[in-house]
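Asker: Kindly return the folded structure for what I paste below:
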Amino acid sequence: MLGILHLIAFETEQLTSTKQLLANTVAEYIAITLANLKLRETLKNQSIRDPLTSLFN
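Answerer: Below is the predicted model:
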């Protein structure tokens, strides 16, 4: 888990099934984006240093 997206509807009519689906879709895209950024950072570090010995390449 990378984070929590917390949405609040003050009235039950405001949070329709379409809005719930949109919120789920946005949350999934945010999760994919954050995972992609984390992977890029890991790959960048591995390109600079050897993962086994931590010495510079």
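Asker: hey, where'd the helices end up in this protein?
Answerer: Under the criterion DSSP state H, helices of the chain are mapped to 17-48.
Asker: what's the distance between the residue nearest to the spatial centre of it and residue 55?
Answerer: Relative to the mean C-alpha position of the chain, the nearest C-alpha, by CA atoms, centre = their mean, is the one of residue 31, at 2.4 Å. According to CB to CB, to the nearest Å, residue 31 stands 34 Å off from residue 55. For the C-beta atoms, the positions are set from N, CA and C on the backbone; glycine is no exception.
Asker: do residue 27 as well
Answerer: 40 Å.
Asker: Between the two, which has more neighbouring residues?
Answerer: More crowded of residue 27 and residue 55, by other CB atoms under 10 Å: residue 27, with 14 against 7.
Asker: Next up, the contacts around that one.
Answerer: By CB atoms under 8 Å, 6 or more residues apart in numbering, residue 27 lies in contact with residue 5.
Asker: Wait, the residue nearest to the centre of the chain touches residue 2, no?
Answerer: Yes: counting by CB atoms under 8 Å, residue 2 is a contact partner of residue 31 at 6.3 Å.
Asker: pLDDT below threshold where in this structure?
Answerer: Applying pLDDT under 70 to the chain flags the ranges 1.
Asker: Please repeat the previous calculation with a cut-off of 90.
Answerer: Counting by pLDDT under 90, the ranges of the chain that qualify are 1-17, 19-20, 46, 50-54, 57.
Asker: How much space separates the residue lying closest to residue 9 once chain neighbours are set aside from residue 22?
Answerer: Closest residue to residue 9 apart from its sequence neighbours, by CB to CB, 6 or more residues apart in numbering: residue 15 at 3.7 Å. For residue 15, the distance to residue 22 (CB to CB) stands at 10 Å.
Asker: the more surrounded of these two?
Answerer: residue 15 (14 against 11).
Asker: Surely residue 5 and residue 23 touch.
Answerer: Yes: between residue 5 and residue 23 there is a contact at 7.3 Å, judged by CB under 8 Å.
Asker: Burial check on residue 23, number of neighbours?
Answerer: Using other CB under 10 Å, residue 23 has 13 other residues around it.
Asker: Touching, it and residue 7? I think so.
Answerer: Yes: with contact defined as CB under 8 Å, residue 23 counts as touching residue 7 (5.6 Å).
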